[in-house]
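Asker: Predicted model, plus sequence, below.
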Amino acid sequence: DQPRSRGLGDVYKRQDHDGLENRMYRLRLALTKSGNHLTFDFTGTDPQAPGTINCAWAGLVGGILQVAFPLLCHDLPWSHGAVMRCIDIISEEGTINNALFPAGTSMATVNACQSTGNLVWEAMAKMYGCGSDTLREEVIGIGYGGVNMSVIAGKHQDGRPFVNMFTDSVGGGGARSFGDGIDTCGNFIAPAYGIPNVERIESLIPMLYVYRREREETAGAGIHRGGVGIEYMMIPYETEHDMEAVLFSTGCAHMESKGVAGGLPGSIQRNIVLHGAGVKDALARGEIPTSLETAGAERIDIADAKDVRWLTPDDAWLCLCTGGGGYGDPLDRNPESVARDVRRGLCTTGEAIRLYGVTLTDDGAVDAAATEAARATAVESRRERGHATTTANAGLDFGGPERFRVGEILAVRESASGPVLGCRVCDHPFGPAAEDPRAHALVIEREIEELSPVNAYRAESDVVLREFACPNCASLFSADLQLRTDDPRMPEMHLKL
């Protein structure tokens with residue numbers, strides 16, 4: 001039971017901040033399937049960085065297998081040798097995920113290795129989306145796209161030193177083809193995952209958790225949404241000594257957790273220091289802040305992805321983690337599911353209308369008529385904002401028998417002139433099945449702040465969201481994060497039938 005697609009085009013992602021400066025590096029993967037063999041070609045990946053985010057050849061192999069094992073060998077003992085007989089790896093030496101001495105690699109596991117895994121994850125999801133119904137159940141958006149952690153050191157009030165690595169930072173899981181992603185689930189590749197007990201940490205170090213909660217406005221929207229990420233705030237407590245925080249993150253300049261089949265990405269990640277925070281005053285009044293806004297601060301300091309900050313006894317540290325990528329067009333999500341998420345505090349009413357076109361009444365029920373109107377307006381907005389190609393498809397027949405689906409809304413059907421790719425929603429033909437679907441798409445460009453106010457904290461202003469839709473009915477079949485200067489129609493896939 002194998003994916004029917006034999007070839008896939010380029011998949012790109014970017015790694016932000018190399019530990020020395022805030023710049024982005026491009027990683028590229030062309031994944032090709034031929035029979036029972038996969039070829040992972042990373043040609044075109046940027047040269048190794050001067051900082052310590054690189055990985056060597058072993059890290060490249062590990063980045064591939066951390067995804068290949070759960071997807072291909074979930075029901076078998078994980079055997080490195082058995083899988084390696086089924087794959088080929090092509091990579092240029094001296095690149096960010098195939099670095100050579102004397103490149104720095106001390107952050108390899110949570111940077112270049114993780115980024116490699118995200119590339120493989122994205123490409124495999126597209127390939128599985130062209131497979132049988134059984135394989136389509138394995139399609140999943142990217143979740144917990146990268147690390148967002150800190151090591152904080154200082155002194156207890158009596159002068160005893162302490163140091164602690166905070167591993168609470170879990171993102172949301174990617175949406176599945178059959179259901180929502182798991183909220184605050186941690187890393188997809190970990191056989192088991194847990195986060196520290198709040199009281200235990202507080203008993204060991206002079207810090208206090210103000211709150212730790214699942215954060216609305218972090219999940220990638222879709223027919224099935226990604227899981228929400230975590231947000232927590234901490235303050236120095238019962239000590240008058242300053243503390244040093246070493247912060248290391250990815251996904252601060254752009255979102256790591258991409259969606260699939262038209263699903264949208266989760267939010268960015270960030271570490272924020274609240275200087276002169278009002279937390280202790282609020283606690284003295286019997287109030288518990290539950291957000292940056294309710295905590296208040298004299299000054300807010302947004303740290304770089306890799307950074308060092310000092311916390312005084314009057315400061316607070318806020319850690320904000322990404323949600324998972326969504327699956328499918330958000331305008332096709334069941335409005336009742338949106339209403340349920342609003343009731344549970346996992347989605348705001350603003351998100352409901354902005355991303356899903358769902359309008360709720362004052363008592364939280366779905367306003368069916370207003371929702372239908374809002375979704376029609378959203379579709380019309382896509383047509384007005386989007387740019388279509390002038391590719392001729394006149395005369396193509398898309399009414400023949402379906403050979404297989406491509407993602408959620410596209411399919412390949414037989415015709416007198418050969419296999420044709422088109423939209424299953426409105427029967428609009430795109431072109432010959434061997435051509436990349438983005439070449440025929442309506443392309444809509446959006447600022448990432450339109451997805452979530454969390455993204456206003458991003459570190460890079462040149463990253464945009466580009467959505468790819470059927471030029472006739474405007475249903476989304478793909479979404480990608482690109483630089484403004486990138487060619488929006490960079491190939492996504494090529495089917496070899």
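Answerer: It's in. The structure displayed is predicted, hence computed values, not measured ones.

Asker: so after the helix or strand hosting Arg446, what's the next helix or strand?
Answerer: Using DSSP states H and E, the secondary-structure element containing Arg446 is strand 442-447. Heading C-terminal from strand 442-447, the first helix or strand you meet, by DSSP H and E, is strand 463-469.

Asker: which residues sit in contact with Pro471?
Answerer: By C-beta atoms under 8 Å, 6 or more residues apart in numbering, the contact list for Pro471 reads 386, 388-389, 428, 440-442. No exception for glycine: its C-beta is placed from N, CA and C like everyone else's.

Asker: cool, and Asn187?
Answerer: Contacts of Asn187 by C-beta under 8 Å, 6+ apart are 144, 170, 193.

Asker: now do Pro206
Answerer: 154, 156-157, 162, 236-239.

Asker: distance from the centroid: which residue in this structure tops it?
Answerer: When distances are taken from the C-alpha mean of the chain, Asp158 lies farthest, 43.4 Å away, according to C-alpha atoms, centre = their mean.

Asker: Any figure for the gap between that residue and Tyr209?
Answerer: 22 Å (C-beta to C-beta, to the nearest Å).

Asker: same deal with Thr116?
Answerer: Counting by C-beta to C-beta - Thr116 and Tyr209 are separated by 34 Å.

Asker: Compare the two and say which one has the larger neighbour count.
Answerer: Thr116 (32 against 16; other C-beta atoms under 10 Å).

Asker: Spatially nearest residue to that one (excluding sequence neighbours)?
Answerer: Gly63 (2.8 Å; C-beta to C-beta, 6 or more residues apart in numbering).

Asker: who touches the one you found in this structure?
Answerer: Contacts for Gly63 (C-beta under 8 Å, 6+ apart) come out as 55, 97, 112-117, 119-120.

Asker: quick one: which of those sit in strands?
Answerer: In strands, defined here by DSSP state E, there are no members of the contacts of Gly63.

Asker: which among those gets closest to Glu447?
Answerer: When those are ranked by distance to Glu447 (C-beta to C-beta), Ser115 comes first, at 23.6 Å.

Asker: element containing Phe404?
Answerer: Phe404 belongs to strand 402-406, assigned by DSSP H and E.

Asker: Likewise for Val67?
Answerer: Short version, using DSSP H and E: Val67 is in helix 57-72.

Asker: so where's the stretch 301-450 of the chain uncertain?
Answerer: 390-392, 394 (pLDDT under 70).

Asker: again, only using 90
Answerer: 388-400, 415-418, 434-435 (pLDDT under 90).

Asker: Mark which of the contacts of Pro471 are buried, thanks.
Answerer: 386, 389, 428, 440-442 (16 or more other C-beta atoms under 10 Å).

Asker: Tell me which two in those are the farthest apart.
Answerer: Farthest pair in the buried ones among the contacts of Pro471 (C-beta to C-beta) is Gly386 and His428. Separation: 14.2 Å.

Asker: neighbours of Glu298, just the number please.
Answerer: 11.

Asker: Now it: closest residue in space, sequence neighbours ignored.
Answerer: Per C-beta to C-beta, 6+ apart, closest to Glu298 is Gly276, 3.1 Å.

Asker: gap between that neighbour and Met124?
Answerer: Relative to Met124, and taking C-beta to C-beta, Gly276 is found at 47 Å.

Asker: circling back: turn the contacts of Gly63 into TSV, columns for pLDDT and distance to Thr294.
Answerer: Formatted as TSV, the contacts of Gly63 follow (pLDDT from 0 to 100; distance: C-beta to C-beta, whole Å):
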residue	pLDDT	distance to Thr294
Cys55	96	41
Asn97	95	42
Ala112	92	38
Cys113	93	38
Gln114	91	33
Ser115	92	35
Thr116	94	39
Gly117	92	36
Leu119	92	39
Val120	93	40
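
Asker: if we can go back for a sec, pLDDT wise, what is the residue farthest from the centre of the chain at?
Answerer: pLDDT, Asp158: 96.

Asker: Check the one 3 residues further on too.
Answerer: Looking at Pro161, its pLDDT reads 97.

Asker: Contacts only, for the spatially most central residue of the chain.
Answerer: When C-alpha atoms, centre = their mean is applied to the chain, the residue found nearest the centroid is Ser257 (0.7 Å). Applying C-beta under 8 Å, 6+ apart to Ser257 gives the contacts 141-145, 171-172, 174, 220, 226, 251, 265-266, 322-325.

Asker: Kindly recompute the last result at 6 Å.
Answerer: Residues in contact with Ser257 (C-beta atoms under 6 Å, 6 or more residues apart in numbering) are 142-143, 145, 265-266, 322, 324-325.

Asker: now the helices for the stretch 251-400 of the chain?
Answerer: Secondary structure of the stretch 251-400 of the chain (DSSP state H, counting those that start in this stretch): helices at 279-284, 292-295, 335-344, 349-356, 368-385.

Asker: ok, and which of the ones you listed has the densest surroundings?
Answerer: Stretch with highest mean neighbour count among these: helix 349-356 (a mean of 20; mean count of other C-beta atoms under 10 Å).

Asker: which residues are contacting that one?
Answerer: Helix 349-356 is contacted by residues 217, 221, 330, 333, 338, 342, 358-360 when judged by C-beta under 6 Å, 6+ apart.

Asker: List phi and psi for Ala123.
Answerer: The phi and psi torsions at Ala123 (degrees, to the nearest 10) take the values phi -70, psi -40.

Asker: Looks like it contacts Leu31 (just checking).
Answerer: Yes. Using C-beta atoms under 6 Å, Ala123 is in contact with Leu31, at 4.0 Å.

Asker: chain center to stretch 262-279, what's the gap?
Answerer: Chain-centre distance of stretch 262-279: 15 Å, with C-alpha atoms, centre = their mean, to the nearest Å.

Asker: Now do the strands in the stretch 51-200 of the chain.
Answerer: Assigned by DSSP state E, counting those that start in this stretch, the strands in the stretch 51-200 of the chain fall at 87-90, 148-155, 161-166.

Asker: now for the longest one, which elements pack on it?
Answerer: With contacts defined as 3 or more C-beta pairs under 6 Å, 6 or more residues apart in numbering; DSSP states H and E, the secondary structure elements packing on strand 148-155 are strand 161-166, strand 243-249.

Asker: Which of those has the highest mean neighbour count?
Answerer: strand 243-249 (a mean of 21).

Asker: That one vs strand 161-166, what angle?
Answerer: Going by axes from the mean of the first three to the mean of the last three C-alpha atoms, to 10 degrees, strand 243-249 is angled at 20 degrees with respect to strand 161-166.

Asker: which other helices and strands contact strand 243-249?
Answerer: For strand 243-249, the contact count by 3+ C-beta pairs under 6 Å, 6+ apart identifies strand 148-155, strand 306-311 as packing neighbours.

Asker: hmm, back to that, make JSON lines from the contacts of Pro471 and add distance to Glu137 to it.
Answerer: Converted to JSON lines, the contacts of Pro471 look like this (distance: C-beta to C-beta, whole Å):
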{"residue": "Gly386", "distance to Glu137": "31"}
{"residue": "Ala388", "distance to Glu137": "33"}
{"residue": "Thr389", "distance to Glu137": "33"}
{"residue": "His428", "distance to Glu137": "27"}
{"residue": "His440", "distance to Glu137": "28"}
{"residue": "Ala441", "distance to Glu137": "26"}
{"residue": "Leu442", "distance to Glu137": "29"}
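
Asker: Nearest to Ala459 among the residues you listed?
Answerer: Of all the contacts of Pro471, the one with the least separation from Ala459 (C-beta to C-beta) is Gly386, at 27.8 Å.
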